[in-house]
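A.B. asks: fold the following.
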Amino acid sequence: MSAFWSRARRHVGFLIGATLVLLVALMALVSLFWTPHPYDDLRMALKLKPPDGTWLLGTDHRGRDVLSRIMVGAQTSITVGLIAVSIGMVLGVGLGAWAAARRGWLDEVVSRLNDLVFAFPAVLMAILITSVFGASATNAILAIGIFNIPVFARVTRGAALMMWGRDFVRAASALGLGPLTITVRHVLPNIASVLLVQATIQFATAILAEAGLSYLGLGAQPPVPSWGRMLYDAQTYLYDAPGLAIYPGLAIALTVLGLNMMGDGLRDLLDPRLRLMRVG
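C.D. replies: Below you'll find the predicted structure:
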């Protein structure tokens, strides 16, 4: 572990990405206890107020503090991303590892189911789900989580199949260990780094998807702040108050950029082949 952190400190991309992600996480954490102003207070007399010493990022079309809403909106994005990726990871890793261990018809069924889910984009799936159950953050999480399942299943299956061809796994099988035991003891620990990198990338995708769904009115519902919903509300006031679109847009862009840079950095740091190429 100390060797990893020693390399990480020299990886500029990873450091920048991790710093951006940490800042967003700290902003969300602080907003649980404190915001400059109550994020849901309506002050129509102060609507579209430009930034000043009291309102650091100004106010929106209903007189609400933009900075406070961006801070609380970070909670929404992180919560949706964490739960959706967790759903996809738990179910997808299980399916992918199971398919790689059993092969045959089971592998074929899991692969075809993955293709079926991939045929429905996350936004379309969210529209289908919300048309039945109603628009909410919970249903957005469900839609994004379902979309993540085949992603993790495919990555896990590919990485696990490579492990099943290794000598140490064949030796474990020759000793009489069952597929489940081999998967838990030998396969999953050796592909954990691949899954960690994929989880980081999918986290960024989930935040983008949540923002898109909220923009369409299918994600978090008012009065819960959401960066995507803030962008939707700001489109009417682009000329009068462009900051209403710029600030949440920057929050989304920097968060996704940070996660992608951190994921790329983790891939470089955890993949021995990439480390050797960089050293060479």
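
A.B. asks: residue 30: neighbour count?
C.D. replies: 12 (other C-beta atoms under 10 Å). C-beta coordinates here come from the backbone N, C-alpha and C atoms, glycine included.

A.B. asks: ok, and for the host helix or strand of it, which residues are buried?
C.D. replies: Using DSSP states H and E, residue 30 sits in helix 12-31. Neighbour-count burial for helix 12-31 flags 14, 17, 18, 20, 21, 24, 27, 28, 31 (criterion: 16 or more other C-beta atoms under 10 Å).

A.B. asks: tell me the secondary structure at residue 143.
C.D. replies: Under DSSP: H, G, I helix; E, B strand; the rest coil, residue 143 falls in the helix class.

A.B. asks: is residue 65 in contact with residue 42, as I believe?
C.D. replies: No - under the criterion of C-beta atoms under 8 Å, residue 65 makes no contact with residue 42, lying 11.0 Å away.

A.B. asks: spit out the contact partners of the residue nearest the centre of the chain.
C.D. replies: Closest residue to the average C-alpha location of the chain: residue 203 at 1.4 Å, with C-alpha atoms, centre = their mean. Contact analysis of residue 203 by C-beta atoms under 8 Å, 6 or more residues apart in numbering lists 81, 82, 85, 259.

A.B. asks: also residue 93?
C.D. replies: Taking C-beta under 8 Å, 6+ apart, we find residue 93 in contact with 152, 153, 156, 188, 195.

A.B. asks: generate a ChimeraX selection restricted to the buried entries among those.
C.D. replies: What follows is the ChimeraX syntax selecting those of these that are buried according to 16+ other C-beta under 10 Å:
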select :152,153,156,188,195
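
A.B. asks: pick out the most distant pair among the contacts of residue 93.
C.D. replies: Farthest apart among those by C-beta to C-beta are 153 and 188. That separation is 13.7 Å.

A.B. asks: thank you kindly, that will do.
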